[in-house]
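Colleague: Next one to model:
(2 chains)
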Amino acid sequence: MTQPAKTDLITVNIDGREIAVPKGTNMIEAARMLGIDIPHYCYHPKLSVSGNCRMCLIEMGTPAFDRATREPIMDPATGKQKIGWIPKPQIACFTNASPGLHVRTDTPLIRECREGVTEFLLVNHPLDCPICDQAGECKLQEQATQHGRGYSRFIEEKNVKPKRTAIGPRVTLDAERCVLCSRCIRFCKEVAKDDVLGFTDRGSFTTISCYPGRQLDNNYSLNTVDVCPVGALTSTDFRFQMRVWFLKQTNSIDTESSVGANTVVWSREGVIYRITPRRNDEVNDTWMADSGRLLYKQVRAENRLTVARIAGQVAAEAEAIKAAADLLKAGDAVLVASGRSTVEEQFLAKRLAELVKAPVSLVARIAQGDKLLVSADRNPNVRGALVTKLIAQLPKPQLTELGAQIDADHVRTILSLGEDLAEAGLTPAQLAKVKIVYLGTHANATSDAAHVVIPALTVFEKDGTFINQQFRVQKFAAAVPGPAGVSGDLSALAQLIAAAGGITPPSTVDAVWALLAAEVPALAGLSYRTLPETGRVIDHAEWAALPFPEGETLHYTPHRSA
Amino acid sequence: MPHPLERRVLFRHVDEPGYTPDLDCYLRNGGYETLKKAVTRAPADLIEEVKKSGLRGRGGAGFPTGVKWSLVDRKSGKPIYLIVNCDESEPGTFKDRYLVHQDPHQLIEGIMITCFANNVKQAYIYIRGEFPHGARILEKAIAEARAKNFVGPNILGTGYSCEIYVHRGAGAYICGEETGLIESIEGKRPYPRIKPPFFPAVLGLYQCPTIVNNVETLCHVRHIVEMGGEAYAKVGTPNNSGTRLIGVSGLVQRPGYYEIESGKITLGQLLHDICGGPLPGRTFKAIIPGGSSAKILRWGETFKIKQKDGSTVEWSVADIPMDFDSFAACGTMGGSGGVIVMDDSVSMVEALANVIAFYAHESCGQCTPCREGSQWIKKITARMVHGEARTEDAPLLKSIADQICGRTVCPMGESSAWPTQSYVAKFQDEFTQYEQIKKTRPAGAPKLI
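Modeller: Modelled structure (predicted):
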């Protein structure tokens, strides 16, 4: 992000402290920069301002001018210009920085306002925190504790609204918990561009609802659950699965396309319970697609490969690696690498391919992009393969040329790094003609046909980096341990190199990065440890002319050479 | 026959025998002559006349009309719209409907003069859904006026064109709030907009500069241009010029609609002389002076009012002159001119329960304090009336109202807060002793709930 020019900065005064903020900054954000928390429900940094919750009320003042002369009125006590305070509290979310603006966030009036709004939000709230999934990450719960009066003055009957309503295949609504902040409505309208939610009824009986005959079924519906400050919208998948305070958060990257949405993987005791988006203003804002959230299910899928096999028989991993190396050393080997592998794996794969003189193919996955956070390139890391020089040209979806080579008896061994060769266009006959080494996570036609199968780790079980469509290197970390005895792709590749007669390369991400930084010019100066959580865009002029398949997405505009 | 204390300008033909709402009748009575003259004048002149007249908006807030017009953004290059607020929904207010029903062409002439003065090419009359007959009358009247070239393209051969559309509401009080009304015309849920920045004069209908005026205000414009601004300013009292339409309802001998010179008669004259005083055997107890959202006046309370010359006078409720400033000085408002009268048979707890039931029902639900606060007050007052009243209810009601007041998106927060605050403060004993009062209700007391 480019820093705004100095002239665009406006100095405001919040609780007596001055801060220069970019033009257009609202007071919630300005206060945040000073470490002052202004409580709010309806305001969301990535949505339009609706100003309906009234929680962020502040006192506001502007420099006073004489009405007749337009001369500044000076305060003799301080020698500074007097501040004319507006008697009515104003909402911070819609108060943008203006020169000399003064704001007070912690006065008796403001404390009373917050207490009042909190009480109002609670009078018709079911107060069912003990059975509510949002408990522990609920803004109402947190702010009621912080700003509420601590006891109830409400003895009337509460309003009754629809409970546990499926408003879409993945989202459940409890209307009684809703604080009517309209974040979900604005998200659907403004971000997902699927105007499907609205309010029905009036006053205190107002309820969120889908338009008649519609349901909330777009591929971004679960973001409404994320933006919901309370337990009104919950994920049908995550409902009642786990208390959030038991969950460990691990930063990860969405693998479903080259957008590389930043994510958080929530796990406990080696089990993943959910994936949510992680804010990155230059990649995915605060959003991610529903389709990426269920990818964790692959970790415990029935067809998960957990043991090494040679000719169908269970074998020790070391034996399988030796058998695989023997096949590769015998010559006429081909490496089918993957755009789903990490940068480090691709780097070692390149070494292995060079060592055994195997030509490299990569399988492209191209589909319609959604112009938001799922791009046309459904591989997360094709750019990594280019940067590590594993490939020089963009891959094709079908391995037609490899098939021809097999038919011409030029290929004896194929090492597939998790790619299903059958899906990539090789026929059963072609697969039967060659010896296959499969290093992958899940069983498929290729692993079934493989002579050597070495189990690998999913993105949730290993550390690594991907390079997304913006040529942004983004890192992720292991959230849960892999299956017992599986040492992982990077280790397997390192061992394969050693067994094939090469110099044993490092097999940890950190150590591989030392090599990457030294040997790959575009990655010079970077390391896994010091890579920011929001990633780093690398110099990519070298690849600018390639006809990448991606169209426009949220923070990506394709460079088309004229 | 109008009462001698009245001065009928807008209502001069209302209830006149033989006067019909059609164009011929209006033309026979000098109709559209003012428009014919107005279109020959410079638009800025007309705005100047309205400024000179000191006319203040009759919708409730009393904002000077000429100032409102001059705030309109004329440099944006966007079209300017006029919206006629005919969403007369404030309980106790029933003046605009008679203007619409009995003299629609007076309104249309006022609209056309206003449009010409402000270079408006499209005007919308937003009429509440509960006025279907009024909407039909207006549509017929507009068609008649168009046939005679008072509305539509090339009006009276001047080259100036302007259309009027009647837009019918669907029955929501909040559509009377000007930005809620604008959202409603745009086809959305009428959630009032946040001001700033969405002042209609700059970012109004379709984000274009927009003038929103009340029906009565626009009828006054027709008479201001006819009389001249300075002459009009002499009617009524300084800063409260012109006549006012007053709707009196409740427990009084002759409820009805009246037109008076602003500030020239007192509330006492209105209630005793024009309306004939309280019902036999009753005494006045409380008066709401400007629609049910105004703060209530307790009959018998007095106000120390500072005069311009520095002296202080003491007014009883009956002494308050019928104008914006005097009511404001007494801590309430002239509002929409809907005077609601309560006598000694009325329980103030029940009256508040009745008023609040309306505002809780009509709260749009956009912002928290009004949405939840009004409903809570409704539940408390309903419980007091139908169930058990507690001594702690009075301070609780005040506290809830205080938590609403001044913290909402639109002024409707005050609509439920002001009655609650004023009823509880001025009739505290009734709220704390309601259980006893309930047992000893006078015979024939009105059922308000």
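
Colleague: switch to C-alpha atoms for all contacts and neighbour counts from now on
Modeller: Noted.

Colleague: which residues in the stretch 301-450 of chain A form helices?
Modeller: According to DSSP state H, counting those that start in this stretch, the stretch 301-450 of chain A carries its helices in the segments A:317-329, A:343-355, A:382-387, A:400-407, A:428-433, A:445-449.

Colleague: got it, and chain A?
Modeller: A:27-33, A:108-123, A:139-147, A:183-186, A:222-227, A:290-293, A:317-329, A:343-355, A:382-387, A:400-407, A:428-433, A:445-449, A:489-499, A:509-519 (DSSP state H).

Colleague: can you list these in CSV and add mean neighbour count?
Modeller: Shown next, in CSV, are the helices of chain A (neighbours: other C-alpha atoms under 10 Å in any protein chain shown):
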stretch, mean neighbour count
helix A:27-33, 20
helix A:108-123, 22
helix A:139-147, 18
helix A:183-186, 24
helix A:222-227, 23
helix A:290-293, 19
helix A:317-329, 21
helix A:343-355, 24
helix A:382-387, 28
helix A:400-407, 16
helix A:428-433, 15
helix A:445-449, 20
helix A:489-499, 23
helix A:509-519, 18
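
Colleague: Mean pLDDT and distance to chain B for the ones you listed - can I get that in a markdown table?
Modeller: Listed next are these as a markdown table, based on pLDDT from 0 to 100; distance: least, C-alpha to the nearest C-alpha, whole Å:
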| stretch | mean pLDDT | distance to chain B |
| --- | --- | --- |
| helix A:27-33 | 97 | 15 |
| helix A:108-123 | 97 | 5 |
| helix A:139-147 | 96 | 13 |
| helix A:183-186 | 98 | 12 |
| helix A:222-227 | 97 | 18 |
| helix A:290-293 | 96 | 29 |
| helix A:317-329 | 96 | 62 |
| helix A:343-355 | 97 | 50 |
| helix A:382-387 | 97 | 45 |
| helix A:400-407 | 95 | 56 |
| helix A:428-433 | 95 | 60 |
| helix A:445-449 | 95 | 55 |
| helix A:489-499 | 96 | 54 |
| helix A:509-519 | 96 | 51 |
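
Colleague: near chain B, which residues of the stretch 201-350 of chain A show up?
Modeller: Neighbours of chain B within the stretch 201-350 of chain A, by C-alpha under 8 Å from any C-alpha of the partner chain: A:202-206.

Colleague: Between all of those residues, which two are separated the most?
Modeller: Spatial extent of these (C-alpha to C-alpha) is set by the pair A:Arg202 and A:Ser204 at 6.4 Å.

Colleague: Please identify which of those two sits among more neighbours.
Modeller: The neighbour count for A:Arg202 versus A:Ser204, taken as other C-alpha atoms under 10 Å in any protein chain shown, is higher for A:Ser204 (26 against 17).

Colleague: And the pLDDT at that one?
Modeller: For A:Ser204, the pLDDT comes out at 95.

Colleague: what's the nearest residue to it if we skip its chain neighbours?
Modeller: Leaving aside its sequence neighbours, A:Ser204 sits nearest to B:Arg371 (C-alpha to C-alpha, 6 or more residues apart in numbering or on different chains; 5.1 Å).

Colleague: contacting residues around the one you found?
Modeller: For B:Arg371, the contacting residues are A:203-204, B:360, B:363-365, by C-alpha atoms under 8 Å, 6 or more residues apart in numbering or on different chains.

Colleague: Which of these sits closest to A:Asn379?
Modeller: Looking across the contacts of B:Arg371 and measuring by C-alpha to C-alpha, the closest to A:Asn379 is B:Gly365, at 45.9 Å.

Colleague: Model confidence for the closest one, exactly?
Modeller: 95.

Colleague: okay, the angle between the longest helix along chain B and helix A:108-123?
Modeller: As assigned by DSSP H, the longest helix anywhere in chain B is helix B:368-386. Helix B:368-386 runs at 60 degrees relative to helix A:108-123, counting by axes from the mean of the first three to the mean of the last three C-alpha atoms, to 10 degrees.

Colleague: Could you pull out the buried residues of helix B:368-386?
Modeller: The neighbour-count check on helix B:368-386 (16 or more other C-alpha atoms under 10 Å in any protein chain shown) flags B:368-382, B:384-385 as buried.

Colleague: For the chain, which residues score under the pLDDT cut-off?
Modeller: Because you didn't say which chain, this covers chain A. Chain A contains residues with pLDDT under 70 at A:1-7, A:560-562.

Colleague: look at chain B instead
Modeller: Nowhere does chain B drop to pLDDT under 70.

Colleague: Might you enumerate the residues of it proximal to chain A?
Modeller: Within chain B, the residues that sit near chain A (C-alpha under 8 Å from any C-alpha) are B:194, B:360-369, B:371-373, B:375-376, B:379-380, B:383, B:396, B:400, B:403, B:406-409.

Colleague: Touching stretch A:263-273 from outside, list them.
Modeller: Applying C-alpha under 8 Å, 6+ apart, the set of residues contacting stretch A:263-273 is A:238, A:241-242, A:246-254, A:274-279, A:288, A:296, A:460, A:479-481.

Colleague: Please check those and keep the buried ones.
Modeller: By neighbour count, with 16+ other C-alpha under 10 Å, the contacts of stretch A:263-273 hold A:247-254, A:274-279, A:288, A:296, A:460, A:479-480 as buried.

Colleague: excluding its backbone neighbours, what's nearest residue 325?
Modeller: In the absence of a named chain, chain A is used. Take A:Ala325 and drop its neighbours on the chain: the residue closest to it by C-alpha to C-alpha, 6+ apart is A:Ala500, 5.1 Å away.

Colleague: Can you look at chain B instead?
Modeller: B:Asn240 (7.4 Å).

Colleague: Pretty sure that neighbour sits against B:Gly54.
Modeller: Yes - counting by C-alpha atoms under 8 Å, B:Asn240 sits close enough to B:Gly54 to count as a contact (7.2 Å).

Colleague: Return the set of residues that bridge with the closest residue to A:Asp201 other than its chain neighbours.
Modeller: Of all residues not flanking A:Asp201 in the chain, A:Thr207 sits nearest, at 6.3 Å (C-alpha to C-alpha, 6+ apart). For A:Thr207, the beta-bridge partners are A:Thr200 (DSSP bridges).

Colleague: What is the neighbour count of A:Thr207?
Modeller: A:Thr207 has 21 neighbouring residues, counting by other C-alpha under 10 Å.

Colleague: Where does chain B get nearest to chain A, residue-wise?
Modeller: Among the residues of chain B, B:Gly365 lies closest to chain A, at 3.6 Å counting by C-alpha to the nearest C-alpha.

Colleague: For that residue, list the residues it contacts.
Modeller: Contacts of B:Gly365 by C-alpha under 8 Å, 6+ apart are A:202-206, B:371.

Colleague: nearest to A:Leu101, of those residues?
Modeller: Nearest to A:Leu101, judged by C-alpha to C-alpha, of these is B:Arg371 at 30.5 Å.

Colleague: Now do that closest one against A:Leu173, distance only.
Modeller: Plainly put, B:Arg371 is 20 Å away from A:Leu173 if you go by C-alpha to C-alpha, to the nearest Å.

Colleague: go on, B:Glu33?
Modeller: Noted for B:Glu33: a distance of 61 Å to A:Leu173, by C-alpha to C-alpha.
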